[in-house]
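Student: Give the three-dimensional model of this entry:
(chains A and B)
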Protein chains: 2
Amino acid sequence: MAKINQDYTNLQGSYLFSTIAKKVAAFSAENPDKKIIRLGIGDVTRPLTPTIIESLHKSVDEMARKETFRGYAPDLGYDFLRKAICENDYVARGCAISADEIFVSDGAKCDSGNIQEIFSRDNKIAVCDPVYPVYVDSNVMAGRSGAYDTALGRYENIIYMPCTKDNRFTPQLPTETPDIIYLCSPNNPTGEAMKKAELQKWVDYANEKGAVIIFDAAYEAYIHDEDVPHSIYECDNARTCAIELRSFSKNAGFTGVRLGFTVIPKDLMVEGVSLHSLWARRHSTKYNGAPYIIQRAGEAVYSESGKKEVKELVGYYMRNASLILNGLTSAGYEVYGGVNAPYIWLKTPAGMTSWDFFDYLLRNVNIVGTPGAGFGPNGEGYFRLTAFGDYDATVEAIERIKKM
Amino acid sequence: MAKINQDYTNLQGSYLFSTIAKKVAAFSAENPDKKIIRLGIGDVTRPLTPTIIESLHKSVDEMARKETFRGYAPDLGYDFLRKAICENDYVARGCAISADEIFVSDGAKCDSGNIQEIFSRDNKIAVCDPVYPVYVDSNVMAGRSGAYDTALGRYENIIYMPCTKDNRFTPQLPTETPDIIYLCSPNNPTGEAMKKAELQKWVDYANEKGAVIIFDAAYEAYIHDEDVPHSIYECDNARTCAIELRSFSKNAGFTGVRLGFTVIPKDLMVEGVSLHSLWARRHSTKYNGAPYIIQRAGEAVYSESGKKEVKELVGYYMRNASLILNGLTSAGYEVYGGVNAPYIWLKTPAGMTSWDFFDYLLRNVNIVGTPGAGFGPNGEGYFRLTAFGDYDATVEAIERIKKM
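Tutor: As a prediction, the model looks like this:
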């Protein structure tokens, strides 16, 4: 008699963005005339840039000819892409990462969900609160969370690191020692970023405790301040304690194209075993490589014209971020983030819960945002807006909110 | 202190095809003048067909314009593709499968590796021997295998169903009752296929025992015989016991494009829980959809011209299969498969082990095949050749073997 993975039944509600999508679809069905502005899910809206499009057409044509057709990709990614990543994202920033420490994948969501699998079930994880839901949910599904405490809105066996106004939304070293620490900077959902000295503290702590940091740098392209690191490997000794997750979704707009990568330095050992070798084994057993044409598009991101276009794209979205930040501030809202990240984190007005504010915004001004409570108990009373909308729509959204 | 997943250390050797790739690379480096013919890994060699190429160019252009750009795909796949699959692969064959029971993914290898995750760790799995290594390895990584018995070349807690010459390489109902049963037909590696009456026996058995069948139909496009089912849902009552895995790799040549899907009927319940809902939750938490342009290419596979091109592609490879089958038979080899599948399964000559024969073929005639032992103990003494090579190269390979 087959038996299900009971840990799945320990998950609370459905995946956050699926719930939002269903609520919006229901509202839209009831109100077909309303023009909804979506500043909820962190999905980009600008088209792919000319260099990427040209690269895609070129590699599609290669797939049409016997001489240049490509079948299965190398398990860990094509060398041309791993080298381009290595040169541009690491060597150019003074990070000692080599191309064969880079694992190309179909995106950071898969990697951030799958990476926990190379660790034992009895590791204790620490996450920021609020946090991107995949870190917690993937560990619940693997049986690491313990039971859910409905009163606290937390799992018993997870260490939550509150990120609140009082600590400028920066996690503090926990009192209980974790085995695996998830950090995301620039942060989703708060839009705040860790300075290098702060991140160095975490690296030192992890090395001291024998913990592993899973560092999600999906938003590094949005960093504006000089003292905010783009990679955890800018910190000393990070090679012995940190895994880094990266994405092409938010810099080059690949949310619907799917490309990302994970870095595991070869000297990151746990119980005498190289995590690099475990992740390589997972890749070769359960994954078959990112599509050739998409790896070529990833390579194009690092060309001169590609880099220029990414800069323009990021500039476009950060203009939205400033617009939201300034608009809401002048409308009297308490607002965070939006300087080194495409997310604006605002205090809900008049003590509304964040789901109440979600419904309120959707019904009254037809704007979709993300309720802070969906990211953890300390997200309650907050709300996330993204800068990934169309500029004109964002202008209109802010006008609507101001008139509310 | 972080701890690794010790189950990974229970894996034997590296992933089969990684090992072969390394051996071939080493031989090639030592013998740069030798023209190697690769009939090992089941990778296609024909380019993508005109309809697919046209579809890819068209959707790439859509990604270039703001009005038609697509970001995150729906978690479970675009409706246009799910509907095309449903109509063509199921409704047209009289199978009662609906579009929302289809989960689009980036390939059957990922799905066949990940599907075990929705089941409890203490399920007992049954696999054919020999078998596609991913079924076993992904269960070893999840802790379901028990220890490896070096003498037997088997894991203690896995039920192996011998597929030998004596049973025409068709698995027989096991004496010990399994919870999860992996079946693959047309089979990889033996190239043999189950007739409908045989498969119906398995469906009845699974329903009776409360077991779940994971049916891998990646090679269904190669079926020639009328009495071989293309889908397990052609059998009565399969909706209450079977999950089906499908691929675009071998019909449309998408090995480097990456597209597949899994079917889970909504009435497949285990312990009162719908497996459809568990897999949906996994998809939405750990996966972000297949690329839009690739889902459009998948849709194109089902167009009139797409279907015609797939038929020609399959015909091309099956001409190779006949060539190998006839060539080896006339050279005195004992040969199986190759009629309903692109694989030819041959008895190694003169009592050689399958790895010895691998080395012998590589060194003497520079042909790469796959040693049967890599698929399980009952693969020892056998060898797999694929029909996915170039026709002229396949002709030459057979000439070389005949002269050996």
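Student: Now the residue of the stretch 1-150 of chain A found nearest chain B: closest residue in space that isn't a chain neighbour?
Tutor: For the stretch 1-150 of chain A, the residue closest to chain B is residue A:113, as judged by Cβ to the nearest Cβ, at 3.3 Å. C-beta: built from backbone N, CA, C; applies to glycine. Closest residue to residue A:113 apart from its sequence neighbours, by Cβ to Cβ, 6 or more residues apart in numbering or on different chains: residue B:286 at 3.3 Å.
Student: can you pull the contacts of the one you found?
Tutor: A:109-110, A:113-114, A:134, A:138, A:141, B:114 (Cβ atoms under 8 Å, 6 or more residues apart in numbering or on different chains).
Student: ok, which pair from those residues is furthest apart?
Tutor: Across these, no pair lies farther apart than A:134 and B:114, at 15.0 Å, counting by Cβ to Cβ.
Student: tell me the helices in the stretch 301-404 of chain A, going along the chain?
Tutor: For the stretch 301-404 of chain A, applying DSSP state H, counting those that start in this stretch gives helices covering A:304-330, A:354-365, A:391-403.
Student: For residue A:159, which of those is the nearest?
Tutor: Among those, helix A:354-365 sits nearest to residue A:159 (Cβ to Cβ), with 22.9 Å.
Student: circling back: can you tell me which helix or strand the residue of the stretch 1-150 of chain A closest to chain B belongs to?
Tutor: In the assignment (DSSP states H and E), residue A:113 maps to helix A:108-114.
Student: isn't the residue of the stretch 1-150 of chain A closest to chain B right next to residue B:288, touching?
Tutor: No. With contact defined as Cβ atoms under 8 Å, residue A:113 does not reach residue B:288; the gap is 9.4 Å.
Student: Looking at the stretch 301-404 of chain A, what residue ends up closest to chain B?
Tutor: residue A:390 (7.7 Å).
Student: which residue sits closest to that residue in space, ignoring its chain neighbours?
Tutor: residue A:45 (5.2 Å).
Student: My guess is that neighbour contacts residue B:71. True?
Tutor: Yes. Residue A:45 lies in contact with residue B:71 (Cβ under 8 Å); the separation is 7.0 Å.
Student: pLDDT wise, what is the one residue in the stretch 251-400 of chain A that gets nearest to chain B at?
Tutor: In the stretch 251-400 of chain A, the residue that lies nearest chain B is residue A:286 (3.2 Å; Cβ to the nearest Cβ). Residue A:286 carries a pLDDT value of 96.
Student: Just want to check the distance between it and residue A:268.
Tutor: The gap separating residue A:286 from residue A:268 is 20 Å, by Cβ to Cβ, to the nearest Å.
Student: again, but for residue A:369
Tutor: Distance from residue A:369 to residue A:268, counting by Cβ to Cβ: 38 Å.
Student: Please identify the residues of the stretch 201-350 of chain A in proximity to chain B?
Tutor: Residues of the stretch 201-350 of chain A lying close to chain B (Cβ under 8 Å from any Cβ of the partner chain) are A:209-212, A:253, A:255-258, A:270-271, A:273, A:275, A:278, A:281-282, A:284-294.
Student: Just the buried subset of those residues, please.
Tutor: Among these, the ones that count as buried by 16 or more other Cβ atoms under 10 Å in any protein chain shown are A:209-212, A:253, A:255-258, A:270, A:273, A:275, A:278, A:281-282, A:284-294.
Student: Please narrow these to those residing in helices.
Tutor: A:209, A:275, A:278, A:281-282, A:284-286, A:292-294 (DSSP state H).
Student: among these, which two are most distant?
Tutor: Maximum distance among these (Cβ to Cβ): 43.0 Å, for A:209 and A:293.
Student: Can you mark which positions in stretch A:158-173 are buried?
Tutor: By neighbour count on 16+ other Cβ under 10 Å, the buried set for stretch A:158-173 is A:158-163, A:169-171.
Student: what's in contact with stretch A:188-195?
Tutor: Stretch A:188-195 has contacts (Cβ under 8 Å, 6+ apart) with A:42, A:130-132, A:163, A:168-170, A:183, A:185-187, A:202, A:216, A:218-219, A:223, A:225, A:227-229, A:321, A:336-345, A:370, A:372, A:375, A:379, A:382, A:384.
Student: what's the span of that stretch from first residue to last?
Tutor: 16 Å (Cα to Cα, to the nearest Å).
Student: just stretch A:332-350 next, same as before
Tutor: With Cα to Cα as the measure, stretch A:332-350 spans 11 Å from end to end.
Student: cool, stretch A:182-191 as well?
Tutor: Length of stretch A:182-191, first residue to last, Cα to Cα: 16 Å.
Student: likewise stretch A:179-197?
Tutor: End-to-end span of stretch A:179-197 (Cα to Cα): 22 Å.
Student: Repeat that for stretch A:184-192.
Tutor: With Cα to Cα as the measure, the ends of stretch A:184-192 fall 10 Å from one another.
Student: Residue ranges in the stretch 101-250 of chain A under the pLDDT threshold?
Tutor: Confidence mapping of the stretch 101-250 of chain A against pLDDT under 70 gives zero matching residues.
Student: show me where it has strands.
Tutor: For the stretch 101-250 of chain A, the strands defined by DSSP state E, counting those that start in this stretch cover A:102-105, A:125-129, A:148-149, A:154-155, A:159-162, A:180-184, A:212-216, A:242-247.
Student: Tell me the helices and strands packed up against the second one.
Tutor: Where contact means 3 or more Cβ pairs under 8 Å, 6 or more residues apart in numbering or on different chains; DSSP states H and E, strand A:125-129 is packed against helix A:133-141, strand A:159-162, strand A:180-184.
Student: could I get the ones you listed as a markdown table with distance to residue A:100?
Tutor: Listed next are the helices and strands packed on strand A:125-129 as a markdown table, based on distance: least, Cβ to Cβ, whole Å:
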| stretch | distance to residue A:100 |
| --- | --- |
| helix A:133-141 | 26 |
| strand A:159-162 | 33 |
| strand A:180-184 | 24 |
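Student: most neighbours per residue, which of those?
Tutor: Using mean count of other Cβ atoms under 10 Å in any protein chain shown, the stretch among these with the greatest mean number of neighbours is strand A:180-184 (a mean of 26).
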